[in-house]
Every structure is written in C-alpha cells, then in structure tokens.
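Student: can't give you the sequence, but here's the structure:
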C-alpha cells in the first residue's frame with residue numbers, strides 16, 4: 001500500500017494550464033502531462049526556493065550533475081560522468097539545436113512513424129526534410145522495418161536519426177537487439193542518433209538506454225519532466241561520451257540561448273532524482289490505470305488498445321469504425337467533451353488511431369472512458385455503423 005495519494009482530484013481550470021485550457025464541461029486527456037501533483041519533496045523544494053524571494057541568475061552546480069549520475073547508475077545501470085552531461089532548457093529545444101548543428105538545409109532527418117508529432121515540426125522548422133521509417137503494425141503490435149531503415153540510412157543526405165525510446169505514442173520499450181541493430185547501421189552509414197528518452201522512467205518493464213550500446217555516435221536527451229510532472233520547470237540534459245559531440249552541443253545550446261537556467265530548474269531536478277519511492281508508486285498507479293482502461297475499452301467498444309510497457313499514454317486502434325480519426329476526435333470533443341489526440345498528429349500511418357493520456361485519478365479515468373464509450377456509440381449511430389456486429 002502506497003503512502004502517496006494519487007486519488008486526490010486536482011483542479012487546473014483557470015490556472016494557465018495548457019492541458020486544461022478547455023470549457024468547464026470538457027475533460028482533457030490529450031497532451032502528455034499528468035493530473036497528479038509532483039512528489040511531495042519536490043513541491044516542498046520549489047516552495048522553499050520561491051520563499052527566498054531571490055530569483056536572480058543561476059548556475060548548474062556539481063550536485064545537479066551528480067544527481068543524474070547517481071540516478072542513471074542506480075535506476076538504469078548506466079555509468080555517466082559529469083563531462084558527458086550538458087544542461088539544456090528542454091528536450092524539444094535541444095532537438096532543434098542539434099538538428100541545426102549537425103545537418104544542413106534540405107538534409108534528411110529520419111524518424112520512425114507513428115511518432116511524437118513535434119519531431120516533424122522541429123525538422124521542418126529548420127528547413128530539413130522528414131524521412132520516415134514507418135513501423136510495421138501487425139496483429140495489434142509494432143516492430144521496426146530494418147530493411148527499410150537501412151535503405152534510408154544509407155542515403156547520402158540522411159544525417160540524423162531521431163530515436164524515441166521508449167516510443168511515443170505506441171508506448172514501446174525497444175529491446176536491446178533492436179537498439180544494437182540501429183547502432184550498427186547508424187555507425188556504418190555515419191548517421192548521428194538523437195535518442196529522446198524523456199519517458200524512460202515511466203515503465204512497466206526493464207528499459208535499455210541507447211547509450212549503454214553506443215554513447216559515442218549518439219546524443220541522449222533526458223528530463224525529469226514526464227516522470228515528475230515538471231514540464232514548466234524547464235530542466236533537461238543532453239549527454240554523450242564523445243567529447244567532440246559534447247563540445248559542439250554545448251556551443252549550439254548557448255548560441256541558441258537554450259541553456260539558461262530557471263529559478264527552480266536545478267533544485268527541482270536534484271530533488272526529483274531522489275524520489276524513487278514516489279516514482280515506483282506512480283508507476284504502479286499508471287500500470288493499474290492502463291490495465292483498467294484496456295479491459296474497459298475492450299468490453300464496451302470495438303476499439304483496440306495497443307499493448308504497451310512504457311509511458312502513460314494509450315495508443316488506440318480505431319480502424320473498426322473509421323480510417324481517419326480526425327473527424328472522430330472532433331466529434332468526441334463536441335458530443336461528449338472528451339479531448340484526446342488524433343492519430344494523424346503522429347504521422348500518416350497513425351491516422352486510424354487516437355492517443356489517450358491516462359495519468360489521472362481513477363475517478364477522472366472512469367469519467368473519460370464513459371465519455372469515450374458514449375462517443376463511439378453516437379459516432380457509429382450517426383455513421384450507420386452496426387456496433388453490435390463489430391463487438
């Protein structure tokens with residue numbers, strides 16, 4: 001039995017919350033932040049910092065680096081050194097900065113779709129070309145198409161591969177053998193790996209850091225923001241054992257002004273990386289929520305939840321009722337107030353899916369699932385789909 005209360009309903013309406021910038025009758029289960037308060041010790045640390053009344057310029061101290069080194073050694077069995085690590089304002093700004101530093105205009109940046117939609121924006125905003133290595137979806141599961149991956153990595157204009165491990169939105173932890181193949185191919189064709197591992201602490205199975213396989217032809221991006229609900233604190237890190245890459249990203253981050261430190265960035269991160277007991281309790285809650293949602297959706301709808309072992313996001317196959325969920329997602333919001341993410345946001349091969357954030361209290365989760373079931377029924381009725389035959 002956990003000593004932490006994950007059932008407390010939080011009220012984020014009218015708090016300038018991006019997620020809860022909705023109407024009073026709407027229930028947002030879209031963007032990837034949680035409805036849970038952060039770990040109590042993290043909250044206390046931030047409050048104590050705020051009470052000081054002093055919000056001048058900050059530095060990254062040795063304790064910040066050591067907290068990351070200790071966490072990754074204990075939690076993920078990965079040896080890091082201070083000289084590998086570089087503070088950065090956030091993972092997404094880091095991706096944009098690295099793309100600019102290690103590629104040229106019109107170069108190809110490879111992603112594995114369906115994938116976090118902001119990757120596409122980072123690539124296009126920097127005048128690079130998106131090169132997709134679509135994941136193979138079969139029997140309600142995903143795997144990498146390595147034949148296609150090698151074909152695209154060997155192209156002379158492919159300079160960077162953005163790896164998502166664990167993968168958002170499908171919630172998959174890539175196995176060591178998959179990562180080894182990726183590392184071998186990228187080294188062979190001289191393609192730099194950016195490994196976004198921001199979801200690595202929200203897992204139900206063992207997770208393999210890409211850096212444990214290759215920390216010289218890769219830059220790994222991490223943050224306590226997902227696991228400890230600290231997105232607006234703006235604290236992240238990039239690390240690599242390659243001194244040339246480290247020096248280049250340090251220069252790039254500072255040139256792009258994304259290495260500035262917020263009032264609570266350092267202290268909140270240090271504290272978060274000491275809250276293993278809280279994180280373990282959170283992961284238990286998320287696992288229970290996932291299981292509950294999966295069973296409920298299977299019992300009451302023709303939709304299929306893709307099995308996952310990481311993140312607090314459900315990737316739901318809606319192909320039984322529609323081939324493109326754009327209209328379905330809008331319909332859900334208009335008719336039931338349920339606000340979820342449409343699949344096309346994650347790539348063309350995600351268009352028959354929706355993504356649902358289940359990092360919320362059981363009461364809200366039940367409300368959201370009831371809205372989903374009602375929305376499916378209404379949608380099928382309006383589109384003359386016989387839901388009984390589908391079930």
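Tutor: It's in. As the structure is a prediction and not an experimental result, all values here were calculated from the model.
Student: C-alpha only now, for contacts and for neighbours.
Tutor: Fine.
Student: tell me the domain ranges of the chain?
Tutor: According to automatic domain parsing, the chain comprises the domains 42-272, 276-390.
Student: So residue 142: helix, strand or coil?
Tutor: strand (DSSP: H, G, I helix; E, B strand; the rest coil).
Student: show me what contacts the closest residue to it other than its chain neighbours?
Tutor: Nearest residue to residue 142, sequence neighbours excluded (C-alpha to C-alpha, 6 or more residues apart in numbering): residue 136, at 5.4 Å. Counting by C-alpha atoms under 8 Å, 6 or more residues apart in numbering, residue 136 makes contact with 142-145.
Student: hmm, back to that, residue 7: which of the domains of the chain is closest?
Tutor: Of all the domains of the chain, it is domain 276-390 that lies closest to residue 7, at 5.1 Å by C-alpha to C-alpha.
Student: State the pLDDT value of residue 2.
Tutor: pLDDT for residue 2: 69.
Student: any weak-confidence spans in the stretch 1-150 of the chain?
Tutor: Counting by pLDDT under 70, the stretch 1-150 of the chain has low-confidence residues at 1-2.
Student: ok, which stretches of it are helices?
Tutor: Secondary structure of the stretch 1-150 of the chain by DSSP state H, counting those that start in this stretch: the helices cover 40-51, 62-76, 91-102, 118-125, 146-153.
Student: which one of those helices is the most hemmed in?
Tutor: helix 91-102 (a mean of 20; mean count of other C-alpha atoms under 10 Å).
Student: Look at residue 154 and say how many residues are nearby.
Tutor: Residue 154 has 16 neighbours, counted by other C-alpha atoms under 10 Å.
Student: ok, so what distance separates it from residue 9?
Tutor: According to C-alpha to C-alpha, to the nearest Å, residue 154 and residue 9 sit 51 Å apart.
Student: swap in residue 306?
Tutor: To residue 9, residue 306 is 28 Å away according to C-alpha to C-alpha.
Student: out of the two, which sits in the more crowded spot?
Tutor: Taking other C-alpha under 10 Å, residue 306 and residue 9 do not tie; residue 306 has more neighbours (19 against 15).
Student: Now for that one: which residues touch it?
Tutor: By C-alpha under 8 Å, 6+ apart, the contact set of residue 306 is 140-141, 170, 314-317.
Student: run the last query once more with 7 Å
Tutor: 140-141, 315-317 (C-alpha atoms under 7 Å, 6 or more residues apart in numbering).
Student: quick check, nearest of those to residue 202?
Tutor: Among the contacts of residue 306, residue 315 lies closest to residue 202 (C-alpha to C-alpha), at 15.4 Å.
Student: just to revisit the earlier point, out of the helices of the stretch 1-150 of the chain, flag the one nearest residue 166.
Tutor: Of all those, it is helix 62-76 that lies closest to residue 166, at 13.2 Å by C-alpha to C-alpha.
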